[in-house]
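>>> Pasted the sequence and its predicted model underneath.
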Amino acid sequence: MNKKVLVLLLSVLLVLSLAACGGGGGSSSGGGGNEPAPAEEPADTGRQPLLKIASGSEPANLDVVMETNDDGSLVVCESIYERLMYVDANNEIHPELAESVEVSEDSSQYTYHLRKGVKFHDGKEMTAEDVVASMNRWIDASETVSNMVGGAHFEAVDDYTVTIKMEKGTAYLNEMIACYAQHAIITTKECVEEAQASDTGMLQTFIGTGPYKWNEWVSADHISLVANDDYQPYGTDGDYSGWGGYKHAYYDEVQICYVTDATTLNAAMQNKDYAATTSLDMMYLKQYENNPEYGTHVDATELKAVIFNKKEGWGANEKFRQAIQALINVDDVMYAYYGDENFYELYSSYMFKGTPWYSEAGSEFYNQHDPEKAKALLEEAGFTKDDTFTILCASDSEDYYTFAQEIQSEFRNLGYNCEIIAYEWGTFTQIRNNEPDKYNVFLTGFSPKVLPNLNLFLSASWAGWCTDERIQGDLKEISTATDFDAAVETWNALQGYMYETSVPIVKLGCGTNMTLWISEVEGVEYREHLVWVNIHPAA
């Protein structure tokens, strides 16, 4: 293989503080030194005072290395925190806090040359020690990443160079850094040490390099960020795409506001109380799509799935998992919530359409809705009418609660017991992650990924606990492959095995999502969630 040397040198553009205006017009009384000094007028930053974004659910926490929900990512990714690499709207990977990266011929060593002069929000310059601490915390937090790199860790070469050396190469490390749901954010070495010393292991202080700084969290109301006057953009002014590029704090303050009631949110958007949201139900689309006062974008953005708790209980029983897959009528489940077949797509592939990883392997096991087969498999599993199938879902996620009700109805129609336990999002994630004895399955969604390994539902350490040796072995083979066609073939065979035998999840369908914004702003991006950092007043 030819040596792969990615030399994507990005101009480092320094943000120059605008000079403050002169004195405030007070005249000297001629009496000496007791007169107050004239007040300085505030510098003209060119920023607007406030941007308000509406979200339908509040994050449990903002440590996006340890937590995977999009609610936290919406707040901090690309605003507070940046990464060594970012992915653009065309799924191409570029340096961000790295200036360039070199990859050895066998993909076993990656060397990142860091941008110089980048400042954290506390005024400290970013150096290799911060990057090493942040990246190694990321590796240790994710079994998927750790397996990919074979347990290797980052090391500092000098103050502005870091490297990682693996026994076996991987062609996809940059994709993991740019795209993985456990985000590879860079914070200070001190913040990492503070988190590691805490009882929870979670970040206690939110200090990054991005264009906005942490301000406050008013529970059940909003999270506030303020402009970082010392932010140093990279790239070319006006060139922003996907999850990165040239960024600028266009507003003095940004508030992520929590509006959980759909009717209330719709009324607020009609009143233009918020600049943008992705939390409105698709049923409201017709109110906005041909209205010049708004912009809309609709895309299939989320793979909706039933995730089995494979650590313990009935979800750990392979025949039980096969039974649930055989039972579910995907058409009915998806329609129960969306009410319009144009608002979702039904196909078997675990990877989204349009990617080279799309596969129809195992499609004969998708959407079977075969009650008799399900009954037979339940008997093989040893599940009786004295047992109970327990579904965990978030009560403030109307789609998943509706799905749970439909699945419960189908299961009860077989003559078996089924219970739904529903909690608000924070409690839901706590039980999902830490109390597997309380449920058999949970419901959630997954955004499009550029690599199968990025799907958290295949992680051995994330809730669901997909420890199947075949699955983990094949994923490791994919992650260390240098022959792309061979990797695709491995994935194709693995998906067939998962559908026919292992059944780590039951894919329901791919739901569409509406991104809505008012015409007074532009620069709206959607990638797994609303990326608002480039939103600015319309020209």
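Sure thing, it's come through.

>>> residues in contact with Asp122?
Thr188, Ile207 (Cβ atoms under 8 Å, 6 or more residues apart in numbering). Every C-beta, even on glycine, is put in place using the N, C-alpha and C of the backbone.

>>> rerun that using 10 Å as the cut-off
By Cβ atoms under 10 Å, 6 or more residues apart in numbering, the contact set of Asp122 is Thr188, Glu190, Cys191, Thr205, Ile207, Lys213.

>>> Pro49 now?
Residues in contact with Pro49, defined by Cβ under 10 Å, 6+ apart, are Tyr251, Asp252, Glu253.

>>> Which positions within the helix or strand hosting the second one qualify as buried?
Following DSSP states H and E, one finds Asp252 within strand 251-258. Buried residues in strand 251-258, counting neighbours by 16 or more other Cβ atoms under 10 Å, are found at Tyr251, Glu253, Val254, Gln255, Ile256, Cys257, Tyr258.

>>> Repeat that for stretch 80-96.
Across stretch 80-96, burial judged by 16+ other Cβ under 10 Å covers 80-88, 91, 93-96.

>>> With stretch 402-413 instead?
Across stretch 402-413, burial judged by 16+ other Cβ under 10 Å covers Thr402, Phe403, Ala404, Gln405, Glu406, Ile407, Gln408, Glu410, Phe411.

>>> Dump those residues to TSV, plus distance to Asp332 and secondary structure.
Compiled in TSV, those are given as follows (distance: Cβ to Cβ, whole Å; DSSP: H, G, I helix; E, B strand; the rest coil):
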residue	distance to Asp332	secondary structure
Thr402	11	helix
Phe403	10	helix
Ala404	13	helix
Gln405	11	helix
Glu406	6	helix
Ile407	9	helix
Gln408	12	helix
Glu410	8	helix
Phe411	13	helix
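
>>> of all those residues, which comes closest to Cys510?
Taking Cβ to Cβ as the measure, Cys510 lies nearest Phe403 of those, at 13.4 Å.

>>> Widest-spaced pair of the buried residues of stretch 80-96?
Greatest spatial distance in these: Ile80 and Asn91, 23.8 Å, computed using Cβ to Cβ.

>>> elements contacting the strand holding Asp252?
Applying 3 or more Cβ pairs under 10 Å, 6 or more residues apart in numbering; DSSP states H and E, we find strand 251-258 packed against strand 48-55, helix 70-76, strand 212-218, strand 222-227, helix 262-270.

>>> Looking at the buried residues of stretch 402-413, which one is closest to Val306?
Nearest member of those to Val306, counting by Cβ to Cβ, is Ile407, at 7.0 Å.

>>> Touching, that closest one and Ile328? I think so.
Yes - counting by Cβ atoms under 10 Å, Ile407 touches Ile328, with 6.1 Å between them.

>>> any common contacting residues for the two?
What both Ile407 and Ile328 touch, as defined by Cβ under 10 Å, 6+ apart, is the set Val306, Val506, Leu508.

>>> Okay, and the first one sits in which element?
Secondary structure here is read from DSSP H and E; on that basis Val306 sits in strand 294-308.

>>> Dump that strand to CSV, restricted to CA.
Only the C-alpha atoms of strand 294-308 are listed here, as CSV (Å, rounded to 0.1, in the frame of the first residue of the first chain):
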residue,chain,number,x,y,z
TYR,A,294,-39.4,29.5,7.7
GLY,A,295,-36.9,27.0,6.4
THR,A,296,-37.4,23.3,6.7
HIS,A,297,-35.3,20.2,6.0
VAL,A,298,-36.6,16.6,6.2
ASP,A,299,-34.4,13.5,6.1
ALA,A,300,-34.3,10.0,7.4
THR,A,301,-32.1,10.7,10.5
GLU,A,302,-32.7,7.9,13.0
LEU,A,303,-32.7,4.1,13.0
LYS,A,304,-35.5,3.2,15.5
ALA,A,305,-34.8,0.0,17.3
VAL,A,306,-35.6,-2.4,20.2
ILE,A,307,-32.3,-3.1,22.0
PHE,A,308,-32.1,-6.3,24.0
